[in-house]
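Take this sequence and fold it.
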Amino acid sequence: MFKPRFLALMLAGSILPAAPAFAQDAEVPYWASIRAPEVNMRAGPGEDYRISWVYRRPQLPIKVLRLKEGWRLVQDPDGAQGWMLARFLTRQRGGYITGKGTADMRESGEAGAKLLWRLEPGVTGLLGDCQNGWCAFSVGERKGFVEQARIWGAGEP
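Model (predicted):
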C-alpha cells in the first residue's frame, strides 16, 4: 500500500509536466498582426509543409488560435486558417475594415462627429482603444475613429 506522502508526490509529479502546455494554451486565442512585408501561411507547423497563402499586408490582423513551438495556428479575416512563424507576427493590434460600402472615419467616437475619410472594405490600419462602439484607427498618417462593428480585429478574439 502507498503511504499518503508518497502518493501526493506521485500525483504532483504527474501534474507538473502538463503545466507548461496548459500555460501556453491559456494565452490563446489572442489578436496579433502581420509585421513583415511578406509572410507565408503553411498547412502545418514547419517549413516542410506546403504554403497555402502568401500575405503581403503588414498590419493585417490575425487571430492566433494555437501555439506550437515557434509556430502559430492563425485565422485571417476571410476565415482561412494555417500556420505562421511567430517571428513574423506582432502583438500590436491591427484592424481590417469589413462590411459593404465605405466605413466612415470620424474626428471623434460619435456618429455625428466630423467626417474625415471614407475607408473601403479591406483597408488595414493600426487599432487603438475602443469605447462605446468606436475605435481609434490610423491608416498611415490618417487618424480618426471608426465604428467597432466595421473592424475585424477589434473586441475579443
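
In contact with V54, which residues?
Going by CB atoms under 8 Å, 6 or more residues apart in numbering, V54 touches E38, V39, N40, M41. C-beta coordinates here come from the backbone N, C-alpha and C atoms, glycine included.

That one: which element?
When secondary structure is defined by DSSP states H and E, V54 falls within strand 51-55.

what comes up buried for that strand?
Y55 (16 or more other CB atoms under 10 Å).

what separates it from the chain centre, distance-wise?
What separates the centre of strand 51-55 from the centre of its chain is 17 Å, taken as CA atoms, centre = their mean, to the nearest Å.

Show me what secondary structure element comes after it.
On the C-terminal side of strand 51-55, the closest following helix or strand by DSSP H and E is strand 61-68.

Mind giving me the packing neighbours of that following strand?
For strand 61-68, the contact count by 3 or more CB pairs under 8 Å, 6 or more residues apart in numbering; DSSP states H and E identifies helix 18-26, strand 30-34, strand 71-75, strand 81-85, strand 94-97 as packing neighbours.

now the shortest one: how far from the chain's centre is it?
If you compare the mean C-alpha spot of strand 94-97 with that of the full chain, they lie 10 Å apart, counting by CA atoms, centre = their mean.

partners of that strand in the sheet?
Looking at strand 94-97 with DSSP bridges, its paired strands and their directions are strand 124-131 (antiparallel), strand 151-152 (antiparallel).

Report the buried residues of the longest one.
Which is strand 124-131. T124, G125, L126, L127, C130.

show me the contacts for the closest residue to K114 other than its chain neighbours.
Excluding the flanking residues, the one nearest K114 by CB to CB, 6 or more residues apart in numbering is E107, at 4.1 Å. Going by CB under 8 Å, 6+ apart, E107 touches A113, K114, L115, L116, G144, F145.

Now the buried members of those residues.
By neighbour count, with 16+ other CB under 10 Å, those hold L116, G144, F145 as buried.

looking at it, the last one is touching G112, isn't it?
No - in this structure F145 lies outside contact range of G112 using CB atoms under 8 Å: 11.9 Å.

What residues are bridge-paired with the residue sitting nearest the centre point of the chain?
Closest to where the C-alpha atoms of the chain average out (CA atoms, centre = their mean) is W31, at 2.3 Å. Assessed by DSSP bridges, W31 has beta-bridge partners K63.
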